[in-house]
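Asker: Any chance you could fold what I've pasted below:
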Amino acid sequence: MSAFKGYYSVIQYCPDRSRMEAANIGVLLLCPETGFVKVRMDTGNDRIAKFFGRNSFDKARLNAAKRSIEHRVEIDPESFSTPEDLVRFMDSRGNDLLLTAPRPTKVQDPEAELTLLFQELVGGRERRATEPVGIPRLDEVFLRSTLKGRVVLNPTVEVPVVGYHLKVPYAFRNGVLNLVKPQRFAGDERQAAEIAGKLALHGDLLQRHPDPGEPRKLIVVTAYQSAERVTRLRRRVDDILADYHVRVVHEDQIEALYEEVERTAHP
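Answerer: Presented below is the predicted three-dimensional model:
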């Protein structure tokens, strides 16, 4: 089997960029000739704890940042076709995870090469990227350093009347506690309507039965797995949630949501 050119970047945890001390936690391999691009990430945080101490990082924030990189590469491989694309992605990161400048390497078997790079540069236990269930772009913007201290991670609230415990990845306060719930819809319209109906009920109950200490609102961030019938599905989901006065943010509106949070959120 003939070899071809690949490029790899090491994914590092760097809590203080002014000191540039970092722990390797993953590897990204790009092979432009074959269109191969994948990430291998350490499942645990033992290496980081060894370098910086177990109290030096927020586990939930760190794991979400890892997922964000994995999912971005998994669902948008077309954005990673040249070494320059890796540099742009590297420069766009706004949290404690960095990517080193891409380095060339000769590749015969990309999967085997990625595994070897991971073993040599990271060690630990590999986490294979799985089918995305969240919305990577949402993780990416809510984990930016500009929102640190103003975003609550992984809060759980009890929905009045039904007693359901609703867990969301992010919340922010700007006079009310806004609970940000990502929801990815498949192509089945009936299933999408059932999920939207449940979210609409929960959002309605949270608003109609406010917590005496803090009003709460549900914000549903929507994405769609299939390109087929997206317009029809999106309209159906939007209508159901709007009937119960639940706010909807579409995937292409996430940046605007970030700007709103940055402007209005307080600790």
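Asker: hey, where'd the strands end up in the stretch 1-150 of the chain?
Answerer: Along the stretch 1-150 of the chain, the stretches classed as strands by DSSP state E, counting those that start in this stretch are 4-13, 23-31, 36-42, 97-99, 103-107, 126-127.
Asker: so what's the residue lying closest to N24 once chain neighbours are set aside up against?
Answerer: Leaving aside its sequence neighbours, N24 sits nearest to V122 (Cβ to Cβ, 6 or more residues apart in numbering; 4.9 Å). Backbone N, C-alpha and C define where each C-beta goes, glycine included. By Cβ atoms under 8 Å, 6 or more residues apart in numbering, V122 lies in contact with V10, N24, I25, G26, V27, R40, D42, R47.
Asker: From V168, how far off is I240?
Answerer: According to Cβ to Cβ, to the nearest Å, I240 stands 19 Å off from V168.
Asker: G6 now?
Answerer: Distance of G6 to V168, given as Cβ to Cβ: 39 Å.
Asker: Between the two, which has more neighbouring residues?
Answerer: More crowded of G6 and V168, by other Cβ atoms under 10 Å: G6, with 25 against 20.
Asker: Touching, the more buried one and Q108? I think so.
Answerer: No. If you go by Cβ atoms under 8 Å, G6 and Q108 don't touch, sitting 9.7 Å apart.
Asker: so what's K181 up against?
Answerer: Counting by Cβ under 8 Å, 6+ apart, K181 has contacts L166, V168, P169, L199, L218, I219, V220, V221.
Asker: Counting by contacts, list what the host helix or strand of the last one packs against.
Answerer: Remark: V221 resides in strand 216-224, with elements defined by DSSP states H and E. Using 3 or more Cβ pairs under 8 Å, 6 or more residues apart in numbering; DSSP states H and E as the contact criterion, the neighbours of strand 216-224 among helices and strands are strand 177-185, helix 189-208, helix 230-243, strand 247-250, helix 254-264.
Asker: Show me what that strand is in contact with.
Answerer: So strand 216-224 is contacted by 135, 138, 157, 166, 176-187, 199, 202-203, 206-207, 210, 230, 233-234, 237, 241, 246-251, 254, 257 (Cβ under 8 Å, 6+ apart).
Asker: Make a PyMOL selection of whichever of those residues turn out to be buried.
Answerer: Listed next is the PyMOL selection for buried residues among the contacts of strand 216-224, using 16 or more other Cβ atoms under 10 Å:
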select buried, resi 135+138+157+166+177+178+179+180+181+182+183+184+185+199+202+203+206+207+233+234+237+241+246+248+249+250+251+254+257
